[in-house]
Structures are given as structure tokens and as C-alpha cells.
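**Q** predicted model follows, preceded by the sequence.
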Amino acid sequence: MSKRWIVILLLFSMAFNLAVLGSFVYLRFMMPYPPHCAPLPDRHPGKFHGRPLRRLLSEDDQFRQAHRQFRENKRVFMEELLKDEIDEVALNQILERSLMAQGAKERRIGYHMIELRKSMSAEEARHFFGRHIERMKQQPHFKSHRNRRNK
């Protein structure tokens, strides 16, 4: 290989490495936050960055217990459906226990959302909960429900 081609390949390699390094620096240090993660400039900068509701729920023993119970009931329900003979009474009892656990989970989520809202300003609430509403609107089952209701 000639010296000229080696120099060309070396320059090409250096340009490529600089482009990768520049992209990394831009994405890591200079790019603005994506809209769903941006900290609010209000009185608590960065307070509601990320997933504060998930963080609160992960620390809630009642929520975790209800979630474990829900998953266990779901597993037992599926195992009951696998059996050769269907026991509707047992299936209905398991289903009721599962619904109670799901209700307990939803209740804990609601309580935490209320507590979270009480610690926010109106601007923070519009930003945080507005984002959740927008994501809900993008979900297919939400769209189909709204379309049926509006007809």
C-alpha cells in the first residue's frame, strides 16, 4: 500500500474518531434535556426530574405488598385455568382477590399523586401531570376509548 493511501486512511480514521467524540460530548454535556425529563426552572430545580412517582411507590411497603399479592393472584389464576377441570367458584374467588389487590395498588398510586401535587407549584403540576396526560392520549386503548365516547 502506498504512503499516500495510508495518509488518507489515517486522516479518514481521525475524522471519524473526532466525529464520534464530538457526538458523545454534545449528547452528554451540551444537549438540552428531552421535554419529558427537563427539570423545572421554578422553586425546586430538578426536584421532579425523572420519575418521582415511581420513586415514591418503590418506597411504599403497602404498594409493594399489594403488587406482590396481585402478581401472586394472577399466577394462581393462570394455574387454575391450566387444570383439566374448571372450578368457576375458585376462579371467581381468585379473580376477586386479584381485583382487591389491584384496587389497593391504584389507591396507593392515587394517594401518592395527591401528595406529590401538594408539594408542587401550579406550573410544576401543569408540566408534570400534563406530560402524563399527553402520554395517555398516545396510548392506543385510550384513543379507541375516546373515539367510542365521542361518537
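**A** Thanks, I have the structure now.

**Q** remind me which residues of this protein are low pLDDT?
**A** Applying pLDDT under 70 to the chain flags the ranges 30-53, 141-151.

**Q** in it, which helix is the longest?
**A** Longest helix in the chain by number of residues (criterion: DSSP state H): helix 88-118.

**Q** neighbours of the residue lying closest to E115 once chain neighbours are set aside, how many?
**A** If the residues on either side of it in the chain are set aside, E115 comes closest to L56, at 7.5 Å by CB to CB, 6 or more residues apart in numbering. Any C-beta I mention is one placed from the backbone N, CA and C, and that applies to glycine too. The local packing of L56 (other CB atoms under 10 Å) involves 17 other residues.

**Q** contacting residues around L56?
**A** L56 sits next to 112, 115-116 when contact means CB atoms under 8 Å, 6 or more residues apart in numbering.

**Q** what strand or helix carries it?
**A** In this assignment (DSSP states H and E), L56 forms part of helix 52-58.

**Q** related to what we said a few turns ago, buried stuff in the helix or strand just after the longest helix of the chain?
**A** On the C-terminal side of helix 88-118, the nearest following helix or strand under DSSP H and E is helix 122-138. By neighbour count with 16 or more other CB atoms under 10 Å, helix 122-138 contains the buried residues 124, 127-128.

**Q** can you pull the phi/psi pair for M120?
**A** When read as degrees, to the nearest 10, the backbone of M120 gives phi -110, psi 150.

**Q** helices and strands around the helix or strand harbouring L11, which ones?
**A** Assessed by DSSP H and E, L11 sits inside helix 3-25. Helix 3-25 sits against no helix or strand, with contacts defined as 3 or more CB pairs under 8 Å, 6 or more residues apart in numbering; DSSP states H and E.

**Q** off-centre distance for it?
**A** Distance, stretch centre to chain centre, for helix 3-25: 39 Å (CA atoms, centre = their mean, to the nearest Å).

**Q** alpha carbons of it, in PDB - could you do that?
**A** Listed in PDB are the C-alpha atoms of helix 3-25, where the atom choice follows Å, rounded to 0.1, in the frame of the first residue of the first chain:
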ATOM      1  CA  LYS A   3       2.200   6.100   1.600                       C
ATOM      2  CA  ARG A   4      -0.500   8.300   0.100                       C
ATOM      3  CA  TRP A   5      -3.300   5.800   0.800                       C
ATOM      4  CA  ILE A   6      -2.000   5.300   4.400                       C
ATOM      5  CA  VAL A   7      -2.100   9.000   5.000                       C
ATOM      6  CA  ILE A   8      -5.700   9.200   3.500                       C
ATOM      7  CA  LEU A   9      -6.900   6.300   5.700                       C
ATOM      8  CA  LEU A  10      -5.200   7.900   8.800                       C
ATOM      9  CA  LEU A  11      -7.000  11.200   8.100                       C
ATOM     10  CA  PHE A  12     -10.300   9.400   7.500                       C
ATOM     11  CA  SER A  13      -9.900   7.500  10.700                       C
ATOM     12  CA  MET A  14      -9.000  10.600  12.700                       C
ATOM     13  CA  ALA A  15     -12.100  12.500  11.300                       C
ATOM     14  CA  PHE A  16     -14.300   9.600  12.200                       C
ATOM     15  CA  ASN A  17     -13.000   9.400  15.700                       C
ATOM     16  CA  LEU A  18     -13.300  13.100  16.200                       C
ATOM     17  CA  ALA A  19     -16.900  12.900  15.000                       C
ATOM     18  CA  VAL A  20     -17.700  10.100  17.500                       C
ATOM     19  CA  LEU A  21     -16.000  12.000  20.300                       C
ATOM     20  CA  GLY A  22     -17.800  15.300  19.400                       C
ATOM     21  CA  SER A  23     -21.200  13.500  19.300                       C
ATOM     22  CA  PHE A  24     -20.500  12.000  22.700                       C
ATOM     23  CA  VAL A  25     -19.600  15.400  24.200                       C
END
